[in-house]
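S.K.: Have a look at this prediction, sequence included:
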Amino acid sequence: MNIKIPEAHHDTPSSEEKYSSARESWRMFEYMSEFVGATERLANIRPAVTVFGSARVAPDTPYYRLTEDIARKLSDAGFSVISGGGPGLMEAANKGAYFGKSPSVGLNIQLPHEQHANLYQDISHSFRHFFARKVMFVKYACAYVIMPGGFGTLDELMEVLTLVQTGKVRRIPIILVSAAFWQPLVDWFRTTLAGEGMIDLADLDLLQITDAPAEVVDAIFCHYEARGFEPSLRDRDILLNL
């Protein structure tokens, strides 16, 4: 099959092309404003833990109850709890925190389907763009708790693993909840990714797996026992340049 590649042209741009280019340039201000608004809204929620999980899990399921229990324990221990603000396990995380002692935070995303804001949010902020929302998940979190989930949850897990592995953010606890769900993936990391030299075996030390809500809280406190939750000057500089 012969596929003809369009030739580059250097003619004077048409009015339509000029309009499209100008519109794209001005769109940068929309991105900036999304970051500014979110930063101002979330400035005082530290220490915070970000909890991820499926939007498709019903309230009468073990995963929902487990997520709610973990979030309640985190909230009572003094952590703001951040979730994606939607239904399913995001709602469970917000609900547990909402009835605890610390703020429940929802970072919602505008989608054509599936996402709607849950009712259990002390602080709610809505995003149009995934990339801005993802930065805020990382920027204010002193730990990540990853519940069972689909592509979106996997995306957030890989995002934070990459950022920590490459030193773009400080090292924080990354806790996978439900060994039955996550262990096969971690085993694949070990046998295939590490086995074929795609990652270092030591990279797997970035992950912890547990089934117990109390162990989630203990793991976070253990990580920060010597250094404290307040970011160091170096940590602040890293987060500023995230």
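M.R.: Cool, the structure landed.
S.K.: Identify the element of secondary structure that the residue most central in space within the chain sits within.
M.R.: By CA atoms, centre = their mean, the chain has its centre lying nearest to F137, at 4.3 Å. For F137, the element it lies in under DSSP states H and E is helix 130-139.
S.K.: ok, now R227?
M.R.: Judged by DSSP H and E, R227 forms part of no helix or strand.
S.K.: Just give the number of residues close to it.
M.R.: 11 (other CB atoms under 10 Å). Any C-beta I mention is one placed from the backbone N, CA and C, and that applies to glycine too.
S.K.: Can you report how many residues lie near S126?
M.R.: 16.
S.K.: Just want the angle from the lengthiest helix in the chain to helix 130-139.
M.R.: Ranked by number of residues, the top helix in the chain under DSSP state H is helix 15-42. The directions of helix 15-42 and helix 130-139 differ by 20 degrees, with axes from the mean of the first three to the mean of the last three CA atoms, to 10 degrees as the criterion.
S.K.: Helix or strand next in line after helix 15-42, which one?
M.R.: strand 48-52.
S.K.: follow-up on the earlier one: now the angle between strand 48-52 and the longest helix of the chain, please.
M.R.: Using the same axes, to 10 degrees, helix 15-42 lies at 130 degrees relative to strand 48-52.
S.K.: Which secondary structure elements does helix 15-42 sit against?
M.R.: For helix 15-42, the packing partners by 3 or more CB pairs under 8 Å, 6 or more residues apart in numbering; DSSP states H and E come out as strand 123-127, helix 130-139.
S.K.: Give me the average confidence score over that helix.
M.R.: The average pLDDT for helix 15-42 rounds to 76.
S.K.: and if you look at stretch 118-128?
M.R.: The model assigns stretch 118-128 a mean pLDDT of 93.
S.K.: which residues touch that stretch?
M.R.: Contacts with stretch 118-128, where a contact means CB atoms under 8 Å, 6 or more residues apart in numbering, come from 30, 34, 37-38, 41-42, 45, 85-87, 90-91, 94-95, 97-99, 103-110, 117, 133, 136.
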